[in-house]
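Engineer: Would you be able to build a 3D model of this:
(2 chains)
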Amino acid sequence: MVSKKVEFIVGLFVALGLAAILALSLKVADSGFSGNGTTYQLYAKFENIGGLKVRSPIKVGGVVIGRVSDISLDSEDFTPVVTLDIFEEYDNFSEATSVSILTSGLLGEQYLGLQPGFIDESLEILQPGDYIEDTKSALVLEELIGQFLFSQGSGD
Amino acid sequence: MESILRLGQSTVSVFSGLGRAVIMLMSALLHVPNFKKGYPLLVKQLYAVGSLSLIIIVVSGGFIGMVLALQGYTILVDYGAEASLGPMVALSLLRELGPVVAALLFAGRAGSSLTAEIGLMKATEQLSSMEMMAVDPLRRVIAPRFWAGFIAMPLLAAIFSMVGILGAHLVGVDWLGVDSGTFWSMMQSQVEFGKDIMNGMIKSVVFAFVVTWIAVYKGYDCEPTSEGISRATTSTVVQSSLLVLGLDFVLTALMFAR
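Structural biologist: Numbers count the residues shown, from 1 in each chain, chains lettered A, B, ... in the order given. This next block holds a predicted model:
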């Protein structure tokens, strides 16, 4: 027969192990199981998405309101289509909302910056599944340098 | 002529050993479990294999986390990226060091003692006398030890990673002055539950299977002499360490390569 002390220590060990797994999934990887509540989808077409990735954050004034859930290429006009997963509580963006691809810091990762448009009677609120029309593409450094050099050359 | 002969002999012995190992595992595990009888045996082995390994796992996990933070900080601070210390430590512990180092420590601490114990049982003919009493030594001796190792190791690997991250927090945040909020929030945004934590757990489950299987088989199959036991113990540690490192590469290539 196993003594009570051994059983107690084994129970402690197993509890410690399970607590470690739980702590890893909750403290180290945030929101492992459930995600952050419900979301709805918006779409946006860009000319160039630069270094945007799936799971990149979507921010309004620095506050994260969602994540990029999918990036695909439109099969007809070959422009990238980005799917935006936005939390349900932020559902009041008007048609005049614009979205641009920004970079955090000089060399940081890229994220989507949303500029909420004004709300007016003539403008409709964006519904789930709508496309955001007003988009600004990512700054690609090589293109900028190319344009700069080109304008320098033509100036002479 | 002679060398070809030896090649054939060693090939045959390798494969027959593999076959014996599979047959042993099958006959030890494939039967209807008797919880009432098996539970006290399992608890006793969990104590020997799991609880007693806690100290070495916690201490080495803490020190590995601390040294990772120290090394990572000195490199990252050159690029002004010391905010990435948290994800760096967490990812390297969860994906690689947690499962692998815990498996190596487990092979040295628990695997060797499993082999020596079973080997001595065989040498002193305890296993044969069990058979005389119509007790199947595979079910009575091998199965609880195997299950104990299989259950204990993933838990030990999780404890190792968690203690390592706390050690890194101690060095990085409390001594070197990385901001505590950045440390955790960067970690939380970089570490994915499904990809990093689950794959690390899968790794440690695979390692647990391999290490305990080798340890139990080597003890059961050893030559019943004192020399044979010492050889079996040595080859348990050597073979399981090599297999863990090799399998780790294969698993990493399957899980994380793109």
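Engineer: does chain A sit close to the longest helix anywhere in chain B?
Structural biologist: Determined from DSSP state H, the single longest helix within chain B is helix B:226-256. No. If you take CB under 8 Å from any CB of the partner chain as the test, helix B:226-256 misses chain A, and the best it gets is 15.4 Å. C-beta: built from backbone N, CA, C; applies to glycine.
Engineer: Buried residues in that helix, which are they?
Structural biologist: B:229, B:232-233, B:236-237, B:239-241, B:243-244, B:247-248, B:251 (16 or more other CB atoms under 10 Å in any protein chain shown).
Engineer: Close to chain A: what parts of the stretch 1-150 of chain B are there?
Structural biologist: Residues of the stretch 1-150 of chain B lying near chain A (CB under 8 Å from any CB): B:Pro40, B:Val43, B:Lys44, B:Leu46, B:Tyr47, B:Gly50, B:Ser51, B:Leu54, B:Ala90, B:Leu94.
Engineer: Quick one: the residues you listed as TSV, columns for neighbour count too.
Structural biologist: Output for these, formatted as TSV (neighbours: other CB atoms under 10 Å in any protein chain shown):
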residue	neighbour count
B:Pro40	14
B:Val43	20
B:Lys44	19
B:Leu46	27
B:Tyr47	21
B:Gly50	26
B:Ser51	19
B:Leu54	18
B:Ala90	30
B:Leu94	29
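Engineer: now do the same end-to-end measure for stretch B:70-81.
Structural biologist: 14 Å (CA to CA, to the nearest Å).
Engineer: residues of the longest strand seen in chain A that come out buried?
Structural biologist: In chain A, assigned by DSSP state E, the strand with the most residues is strand A:63-73. Within strand A:63-73, the residues scored as buried using 16+ other CB under 10 Å are A:Ile65, A:Gly66, A:Arg67, A:Val68, A:Ser69.
Engineer: Closest one to chain B out of these, please.
Structural biologist: A:Arg67 (10.2 Å; CB to the nearest CB).
Engineer: Ranking helices and strands of chain B by mean pLDDT, which lands last?
Structural biologist: None of the helices or strands of chain B scores lower by mean pLDDT, DSSP states H and E than helix B:180-190, at a mean of 81.
Engineer: what mean pLDDT does the longest helix anywhere in chain A have?
Structural biologist: In chain A, assigned by DSSP H, the helix with the most residues is helix A:4-23. Helix A:4-23 carries an average pLDDT of 88.
Engineer: low pLDDT regions in chain B?
Structural biologist: Filtered on pLDDT under 70, chain B yields the residue ranges B:258.
Engineer: Which residue ranges of it form helices?
Structural biologist: Applying DSSP H to chain B gives helices spanning B:2-29, B:35-49, B:54-76, B:85-92, B:98-106, B:112-123, B:126-132, B:137, B:143-169, B:180-190, B:198-220, B:226-256.
Engineer: Most widely separated two among the residues of the stretch 1-150 of chain B next to chain A?
Structural biologist: B:Pro40 and B:Ala90 (38.3 Å; CB to CB).
Engineer: show me where chain A has helices.
Structural biologist: A:4-23, A:141-155.
Engineer: The first one packs against which elements?
Structural biologist: In this structure, helix A:4-23 makes packing contacts with helix B:35-49, helix B:143-169, judged by 3 or more CB pairs under 8 Å, 6 or more residues apart in numbering or on different chains; DSSP states H and E.
Engineer: Let me know the angle separating the longest strand of chain A from helix B:180-190.
Structural biologist: 30 degrees (axes from the mean of the first three to the mean of the last three CA atoms, to 10 degrees).
Engineer: Strand A:63-73 and chain B, any residue contact?
Structural biologist: No. Strand A:63-73 is not in contact with chain B by CB under 8 Å from any CB; minimum separation 9.3 Å.
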